[in-house]
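Enquirer: With the input below, show me the fold.
(one chain, ligands or ions: 1)
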Amino acid sequence: MSIQHHPSDETLLRYAAGRLPVAPGLVVATHLSGCVECRARVATFEAMGGSLLEQVTPEPMEPEALARLLAQIDAPAPPPRAPAPRKPLPTLPGGILLPRALRHCEMGRWRWLGPGVRASSLTIAQDPSARLTLLRVGPGRKLPEHGHTGLEFTQILSGSFSDGFGRYRPGDLSEMDSEIDHQPIVDPEGECICLTAMEGEMRIGGMFGRLLTSFARI
Ligand SMILES: [Zn+2]
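Expert: As a prediction, this is how the structure comes out:
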């Protein structure tokens with residue numbers, strides 16, 4: 001199935017430059033693992049960044065640093081390390097695996113967030129304050145309603161939802177800014193599991209918003 005909804009070029013450029021916060025960066029990384037088109041764009045942006053760096057005149061090197069560098073080059077290569085055993089990825093409801101991009105995250109237990117809505121908080125070792133959430137929303141249910149002050153990124157892992165901008169299926173990424181008032185509703189065919197993160201502060205809206213905010217603070 002072809003992917004219809006992608007991150008914006010601005011987001012891919014920020015990702016390529018390492019300028020996206022950790023949680024939105026992981027949502028984008030999950031999208032990239034399934035999207036050849038966006039991977040190619042990120043590679044182009046990275047190459048552009050590299051050529052920009054090459055135009056910058058390098059600082060003259062300290063003699064000691066040069067000697068250390070030459071010593072490293074002359075030193076025999078260390079023996080290859082045995083690959084670390086791969087930890088099996090947790091399984092999500094419906095039998096799908098947690099995306100590999102999230103393999104370093106600790107998945108919390110599913111918590112009730114409202115009728116037909118459950119959420120699991122993912123803890124990111126490198127930034128425990130980052131908010132990355134898995135949502136599991138029943139058929140015909142609305143995704144938690146909330147406002148936010150920055151961009152919101154939602155990657156569909158299974159099932160589908162629709163909003164005023166179209167239908168989002170597995171592999172699609174919804175990128176919404178705070179100016180847009182959208183209300184995604186899960187399609188009637190089945191449950192939808194998605195990964196979501198946002199930049200900026202969340203503004204409370206409705207019962208789900210309050211629940212989601214209190215949940216995110218746990
Ligand atoms: Zn894409």
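Enquirer: In this protein, mark out all the strands, start to finish.
Expert: Assigned by DSSP state E, the chain shows strands spanning 105-107, 111-114, 117-124, 132-137, 147-148, 152-158, 161-163, 166-168, 173-176, 185-186, 192-198, 202-203.
Enquirer: Return the residues of this protein in contact with the ion.
Expert: Residues of the chain lying near the ion by CB under 5 Å from the ion: His6, Cys35, Cys38. (Each C-beta comes from the backbone N, C-alpha and C, glycine too.)
Enquirer: how about the nearest residue to the second one once chain neighbours are set aside, what does it touch?
Expert: Just to be clear, that refers to Cys35. Nearest non-adjacent residue to Cys35, counting by CB to CB, 6 or more residues apart in numbering: Ile3, 5.3 Å away. Counting by CB atoms under 8 Å, 6 or more residues apart in numbering, Ile3 touches Gly34, Cys35, Glu37, Gly171, Asp172.
Enquirer: what's the closest of these to the ion?
Expert: The nearest member of the contacts of Ile3 to the ion, counting by CB to the ion, is Cys35 at 3.2 Å.
Enquirer: phi, psi of the closest one?
Expert: With angles defined as degrees, to the nearest 10, Cys35 sits at phi -130, psi 100.
Enquirer: Pretty sure it sits against His6.
Expert: Yes: contact criterion CB atoms under 8 Å: Cys35 and His6 qualify, at 6.6 Å.
Enquirer: List the residues that are in contact with both of those two.
Expert: Contact with both Cys35 and His6 is made by no residue, according to CB under 8 Å, 6+ apart.
Enquirer: rewinding a little: in CSV: the contacts of Ile3, plus distance to Ala101 and neighbour count.
Expert: CSV is the format used below for those (distance: CB to CB, whole Å; neighbours: other CB atoms under 10 Å):
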residue, distance to Ala101, neighbour count
Gly34, 10, 17
Cys35, 12, 21
Glu37, 17, 10
Gly171, 13, 19
Asp172, 16, 23
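Enquirer: Throw the strands of the chain into TSV and include mean pLDDT and mean neighbour count, thanks.
Expert: Putting the strands of the chain into TSV (pLDDT from 0 to 100; neighbours: other CB atoms under 10 Å) gives the following:
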stretch	mean pLDDT	mean neighbour count
strand 105-107	92	16
strand 111-114	91	16
strand 117-124	94	19
strand 132-137	95	23
strand 147-148	62	16
strand 152-158	95	23
strand 161-163	94	19
strand 166-168	94	17
strand 173-176	94	22
strand 185-186	95	20
strand 192-198	94	24
strand 202-203	56	16
